[in-house]
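Enquirer: Provided below for reference: sequence and predicted model.
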Amino acid sequence: MALPRHLQNTFTPQELEFLTESELVRISPRYKFNGLDLITAKIPDMMPNRTMEVPLWYAILLKKQNRCRMFTPDWLTEDNLKAYLKKEKGNANAFTNLPFNWLELSKIYFTYASDEFRIDEIPKLKQLIAELKEVRAIKVQTGLKSIDEHYLQLDNLSRMEINEIRRFVTDVMGKYIQLKNTLVPEDEYEEDDEDVPMPTVGAAGEDDDEDGYENEGYEYNYNQ
């Protein structure tokens, strides 16, 4: 069965979360049990109250069974997110250097390790993340105005943010290339005795919105 057009060149949020689950995170086991030697990862022997790194998917598995404590990322605090937001708002021409999968990680920790945060902390963190994502989205739309057929310079974008604009960027670049290939060099017109009018070509992205950016991705809902 063919995927919808808006998903053919993008990943779903679930697929991005799946990729993120391979990242190593810190845990503290509550029980002693043997490790595992897997194809993609080697799980060390678990010792109670000892800090160790394991793949995120394994940490989630243990957490569901109440067999470990998951340490939250250092950047996922109210003070750090406020600092990121202030820095993001203070520089209109650059993106703050956040973890490549910060959106997926925050969603996973809020879902599976909510007890590692204070009771009143998660709503504040979700609000800060939503504001941070909104500020960065405005910068993305501004940066898309400088796109050409060669490249688009948007440093420090996260994987989720790249995924949201991926199909739009590739489509526009393709239209630029098609437009460039339809233009006839001026010397060819000089050799022709007849006056041939230049072809009229519509602007790339006529069906897009007034900002030239149509988000074919999805909204990442933190309230789930």
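Expert: Arrived safely.

Enquirer: in stretch 10-23, which residues are buried?
Expert: Residues of stretch 10-23 classed as buried: 10-11, 13, 16-17, 20-21, 23 (neighbour count, 16 or more other CB atoms under 10 Å). All C-beta spots, glycine's among them, are computed from the backbone N, C-alpha and C.

Enquirer: could you chop this protein up by domain?
Expert: The chain resolves into domains spanning 14-71, 80-224 when parsed by automatic domain parsing.

Enquirer: by mean pLDDT, show me the worst of those domains.
Expert: Lowest mean pLDDT within the domains of the chain: domain 80-224, at a mean of 74.

Enquirer: partners of the biggest strand by length in the chain in the sheet?
Expert: With DSSP state E applied, the strand covering the greatest number of residues in the chain is identified as strand 24-29. Strands that pair with strand 24-29, judged by DSSP bridges, come out as strand 52-55 (antiparallel), strand 68-70 (antiparallel).

Enquirer: okay if I get these as TSV plus mean neighbour count and distance to Arg30?
Expert: Rendered in TSV, the data for the strands paired with strand 24-29 read as follows (neighbours: other CB atoms under 10 Å; distance: least, CB to CB, whole Å):
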stretch	mean neighbour count	distance to Arg30
strand 52-55	18	13
strand 68-70	21	6
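
Enquirer: mind checking which of those strands is nearest Glu164?
Expert: For these, distance to Glu164 was read as CB to CB. The smallest value, 25.8 Å, belongs to strand 52-55.

Enquirer: how about the contacts made by the closest residue to Ala41 other than its chain neighbours?
Expert: When the adjacent residues along the chain are set aside, Ala41 lies closest to Pro55, with 5.0 Å between them (CB to CB, 6 or more residues apart in numbering). Going by CB atoms under 8 Å, 6 or more residues apart in numbering, Pro55 touches 21-25, 40-41, 43.

Enquirer: repeat for Tyr58
Expert: By CB under 8 Å, 6+ apart, the contact set of Tyr58 is 41, 43.

Enquirer: a helix runs through it, doesn't it?
Expert: Yes. The assignment for Tyr58 is a helix, going by DSSP: H, G, I helix; E, B strand; the rest coil.

Enquirer: so how far is Thr72 from it?
Expert: 17 Å (CB to CB, to the nearest Å).

Enquirer: out of the buried residues of stretch 10-23, which are inside helices?
Expert: Members of these lying in helices (criterion: DSSP state H): 13, 16-17, 20.
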